[in-house]
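Generate coordinates for the sequence data below:
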Amino acid sequence: MRLWYQSLTRPDAWPAYQAALRRVLDTACDPGTSYEVHGIEQRGGVGDQYRRLEFIETIEVLDNVARAEAEGFDAVLLGNIADPGLRVAREMARVPVLGLCETALFTACQMGLTVGLVVSNDKHHGRVLENVALYGLTSRVVTVERMQVDRLVDLDTAFSPGPVRDRILGQFHVAAEACVARGAEVVIPAVGVMMVLLQDSGVHETAKQTPILCGPLALVQAGQMAVKLSRLMGGRFASRRGAYAQPPSDQIAELRRYYGPVYPAVKEG
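A predicted model of the protein is given here:
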């Protein structure tokens, strides 16, 4: 089984995170599963908390979804808390496509009745809550607490001992304990890099033995399950009725004249 893990970070701007992410993913893969991590290399990769920048990066993400499928990968994992392009990717791809935020939220709902989120800053707050509402889980998320990491690439420095690491981990622990005080039974660090930092540092729980969910671990495990389930169901995963329907065969030729070689699985009729 081959998994394509798609990050929204530029590799040369996040070297410590890239190394730690691979250490975490290594522990998540079952025997016989391999993965590749791909970041943003064309334009951006350092500030996706802003909607315009996320939109720019999502173009490359969707191009990479098509590339992953063409190269024979069995699933695509979108390793960013915004789930950039998730629904578009599911519509266009034949292989399972899973998102970090959706997967983390659904997994947390199996671990506890209530969930608390720790976001990086005020800007991230609204974006994450939009996903919570989209996935129908507003009633399960009892609180969202904020850190103050306004420059996201500062998180890369936190993988090395020093004042930045102490400050960021300290902010997280305060926010996580506030989640527990407000009734959360599971805490999700709602920043992909923060999830990896905590897992790589051996931090798995907060106050009152409340678990801290590592989203990339859940994402890889869910990705492997999705591939196995798809195989058992005859190669079908995403529904083609309604939201993820593809163009009908009698329209695809016209669409390809204007959009290029889209929806390669659809045969012209």
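
in the stretch 1-150 of the chain, which spans are strands?
Per DSSP state E, counting those that start in this stretch, the stretch 1-150 of the chain carries strands over the ranges 2-6, 34-38, 75-78, 97-99, 115-119, 141-146.

Of all those, which one comes closest to Glu185?
For Glu185, the closest of those is strand 115-119, at 7.4 Å, according to C-beta to C-beta. In this view, the C-beta of every residue, glycine as well, is placed from N, C-alpha and C.

contacting residues around that closest one?
105, 108-109, 125, 128, 132, 137, 140-147, 172, 175-176, 178-180, 182-191, 194 (C-beta atoms under 8 Å, 6 or more residues apart in numbering).

So for Tyr258, which of the strands of the stretch 1-150 of the chain sits nearest?
strand 97-99 (24.5 Å).

Mind listing the residues bridging to the residue nearest to Val144 when sequence neighbours are not counted?
Leaving out its chain neighbours, the residue that sits closest to Val144 by C-beta to C-beta, 6 or more residues apart in numbering is Leu117, at 4.6 Å. Judged by DSSP bridges, the bridge partners of Leu117 are Val144, Ile188.

Count residues in the vicinity of Leu117, would you?
As a burial measure, Leu117 scores 30 neighbours (other C-beta atoms under 10 Å).

what about the residue lying closest to Arg87 once chain neighbours are set aside, which SS state?
Excluding the flanking residues, the one nearest Arg87 by C-beta to C-beta, 6+ apart is Ala243, at 6.9 Å. Following DSSP: H, G, I helix; E, B strand; the rest coil, the label given to Ala243 is coil.

Just confirm Ala243 contacts Leu86, I think it does.
No: using C-beta atoms under 8 Å as the test, Ala243 is too far from Leu86 to be in contact (11.3 Å).

neighbour-wise, which of the two wins?
Ranked by neighbour count (other C-beta under 10 Å), Ala243 and Leu86 place Leu86 first, with 23 against 10.

Isn't that one up against Leu77?
No: checked against C-beta under 8 Å, the pair Leu86 and Leu77 is beyond contact range at 10.5 Å.

shared neighbours of these two, which are they?
In contact with both Leu86 and Leu77: Val97, using C-beta under 8 Å, 6+ apart.

separation between Gly136 and Glu102?
Distance, Gly136 to Glu102, using C-beta to C-beta, to the nearest Å: 11 Å.

Equivalent analysis for Ala190, please.
As judged by C-beta to C-beta, Ala190 and Glu102 stand 12 Å apart.

Over to Gly235?
Gly235 is 22 Å from Glu102, by C-beta to C-beta.

now swap in Phe172 and tell me
As judged by C-beta to C-beta, Phe172 and Glu102 stand 22 Å apart.

What of Ala13?
26 Å.

higher neighbour count, these two?
Glu102 (21 against 17).

Alright, that wraps it up for me.
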